[in-house]
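Participant: compute the structure for the input listed below.
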Amino acid sequence: MDLKDCLKKMEQAGRLAHVTTPVDAVHELSGVAAKMDGGKALVFDRVKGYDYPVSTGMWWNRENVAPIFDTPADQLSNLFAQATASLRQNPVAPVTVENAPAQAVTMPEVDLGKIPVPTHALLDGGPYFSNCVIIAKDPDTGVRNTSIHRLMVTGKDRLGLLMDMGRHLRDYYERAEARGEPLEITINNGAHPAYFVAATTPSSAAPIDVDELAVASYLLREPARLCKSRTVSVEGIADAQMILEAEILPHVREPEGPFGEVSGYYATRADRWVVHVKAITMQRDPIIHMLHPGREVWNGQGLGIEANLFQTIGKQVKGLKNVYMTHGGSHYHIVLQMDPPNNGMAKNAIMAAFAAFSDLQMVTVVNSDVNIYDAEDVERAMVTRCDPAKDIVIIPNAFGHELNPVVENNMASKMGFDCTYPVPKPAAYTRVSFQDVDLSNYEIL
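Facilitator: Sure thing, here's the model as predicted:
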C-alpha cells in the first residue's frame, strides 16, 4: 500500500477533501491549510506552475489516520505501542525489491525547483520539505536509521538540513565527517504513514543499533519494502512517491532557516548542514506529501511518543492507564492518567517520563476519573488535587530540546505536577455524578 492507497481509504471514510482552485506554493497553500487545520486531510489538485498535486493534513486528527490502519481512532496509540514493542520481541526486517514504483521515473537532471515544495509560514527562509523520511546507515556497523528532519530547498540540487543534538543521524554524520567523508542518505517523500511512525520512534525505544523499520513492518503487516539506489549505498522506500538520493557534505555549513517549528515559534536562521542531491526518482503521477506545521506535528509525533511512553513508564510504575501528548504543549507536555497503588508513585511516574523522553518540559499526572483529553478537566484536577508545597517536582538544569525557546545551550528546568488524590481515596474526592439517560426517549423542542 502506498500514499495513493492511503488517500483513497481516507476518502472512502469521508476524511479527505480536494482543493481544486489553483494555489501558489509560496504561503497560499499553507494559508488555506491553516484555515482547515484540524479537519479533513487535503489534496491540492492544482499548484500554480507545477505538474504534481500536494497533500497535507493526514495527521491533523486521529480520525483521519484511523481508516488507513483499519483501527478505531481511540486504539491507534495502542496499535503503535504494539509496533514499538515488536522491536524487542519479533522484529520483521525489511526486504529489498526490484522494479520499485518509486523508481518508475527518473528526473533527467536534478532540479528541486520542479517539485511543489511549499513555503509554509510567512517568515520561513524558503520552501521546506517537512516530513520526508530520511534513511541512513551507521558508518561503522551498517545499521539503518530512519528519521524525520526539516529540509530547506536552497538550490537546484541543494538542501539545508537541521540535525538536532542527540539524534542518531547526527551521530552517524559526525563519525563520517571525522573521516572527511559525506554521509549518504535517501530522502523519501510520500511514504505510507507506517514509515513516519517508525521514523519518529524515540531513541529510548529504538537504540542506535536497532533498525526502526521493523515498526513499519508491523504496521504494514508485511516486511517494509526497500529498493536499491542508483547513486548511493543507502536504500530508498520502494513505495514512496519520490526518492531523493543524496549525501550530507562534510565540513560544509550554509545558512538555513527561519522555519515555523514544532514549538509554535520560528527556529532561527544559522549556518547548518548541507545536503547535495545526486538523483531524483519518482512514481508515475506522484503526489507530494507535506506535514503542515502545528497540529499535524503534535498529533503525528504524539501518537508514537505516547505509545513508547506508555510502554516505558508502565514497566516502572504500577497503575498507568493512558498517556496523552497535549496539543497546547506542542510535544513538550504530556498528561499521564493513572491510579497509583501507593502514595508517591505519581512522582516516580513524572521522573520516569522525563528519563524516557528528554524533549519534555512538563508532566501532569491525574487519576483515571479525569478525562485527559479535556483541558478543563485536567485543570480542575490541578487546582483541587495538587498542593504546590508538596506536589510540584522541579528538576533544574536538565537536557532539553533545542527548538524550545526556553532551552538555552540544551539546558532547562523541568516541572511535574502530581494531581492525584491521596491513597486511599478520601471521600472528599467523590465526583458529582448524574443519572444516565437516553435523550432519544425525550421530546425536546
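
Participant: can you report phi and psi for Ile208?
Facilitator: Per-residue torsions, Ile208: phi -60, psi -20 (degrees, to the nearest 10).

Participant: how close does the residue lying closest to Ala353 once chain neighbours are set aside get to Ser413?
Facilitator: Among residues not flanking Ala353 along the chain, Val363 sits closest, at 4.7 Å (CB to CB, 6 or more residues apart in numbering). (C-beta placed from N, C-alpha, C; glycine too.) Counting by CB to CB, to the nearest Å, the separation of Val363 from Ser413 is 13 Å.

Participant: let me know whether Thr231 touches Lys278 as I believe.
Facilitator: Yes. At 4.3 Å, Thr231 counts as touching Lys278 under the criterion of CB atoms under 8 Å.

Participant: can you list residues touching both of these two?
Facilitator: Residues touching both Thr231 and Lys278 by CB atoms under 8 Å, 6 or more residues apart in numbering: Glu245.

Participant: domains of the protein?
Facilitator: According to automatic domain parsing, the chain comprises the domains 72-283, 316-423.

Participant: could those be laid out in JSON lines, adding distance to Gln435, mean pLDDT and mean neighbour count?
Facilitator: JSON lines is the format used below for the domains of the chain (distance: least, CB to CB, whole Å; pLDDT from 0 to 100; neighbours: other CB atoms under 10 Å):
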{"stretch": "domain 72-283", "distance to Gln435": "25", "mean pLDDT": "95", "mean neighbour count": "20"}
{"stretch": "domain 316-423", "distance to Gln435": "18", "mean pLDDT": "91", "mean neighbour count": "18"}
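
Participant: can you put those domains in JSON lines and add distance to Arg46?
Facilitator: Output for the domains of the chain, formatted as JSON lines (distance: least, CB to CB, whole Å):
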{"stretch": "domain 72-283", "distance to Arg46": "10"}
{"stretch": "domain 316-423", "distance to Arg46": "31"}
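
Participant: check whether Ser233 sits in a helix, strand or coil.
Facilitator: For Ser233, the assignment made with DSSP: H, G, I helix; E, B strand; the rest coil gives coil.

Participant: ok, it - contacts?
Facilitator: By CB under 8 Å, 6+ apart, the neighbours of Ser233 are 137, 184.

Participant: against Ala33, how distant is it?
Facilitator: With CB to CB as the criterion, Ser233 and Ala33 are 36 Å apart.

Participant: longest strand anywhere in the protein?
Facilitator: In the chain, taking DSSP state E as the definition, the longest strand is strand 242-256.

Participant: got the CA positions of it in PDB?
Facilitator: Provided in PDB are the C-alpha atoms of strand 242-256 (Å, rounded to 0.1, in the frame of the first residue of the first chain):
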ATOM      1  CA  MET A 242       9.500  10.300  -4.600                       C
ATOM      2  CA  ILE A 243      13.100   9.400  -3.600                       C
ATOM      3  CA  LEU A 244      16.000  11.900  -3.400                       C
ATOM      4  CA  GLU A 245      19.300  10.100  -3.400                       C
ATOM      5  CA  ALA A 246      21.700  12.400  -1.600                       C
ATOM      6  CA  GLU A 247      24.700  13.000   0.700                       C
ATOM      7  CA  ILE A 248      25.300  15.300   3.700                       C
ATOM      8  CA  LEU A 249      28.500  17.100   2.900                       C
ATOM      9  CA  PRO A 250      31.400  17.100   5.400                       C
ATOM     10  CA  HIS A 251      32.800  20.300   6.800                       C
ATOM     11  CA  VAL A 252      30.200  22.400   4.900                       C
ATOM     12  CA  ARG A 253      27.700  24.700   6.600                       C
ATOM     13  CA  GLU A 254      25.400  27.200   5.000                       C
ATOM     14  CA  PRO A 255      22.500  29.500   6.200                       C
ATOM     15  CA  GLU A 256      19.300  27.600   7.000                       C
END
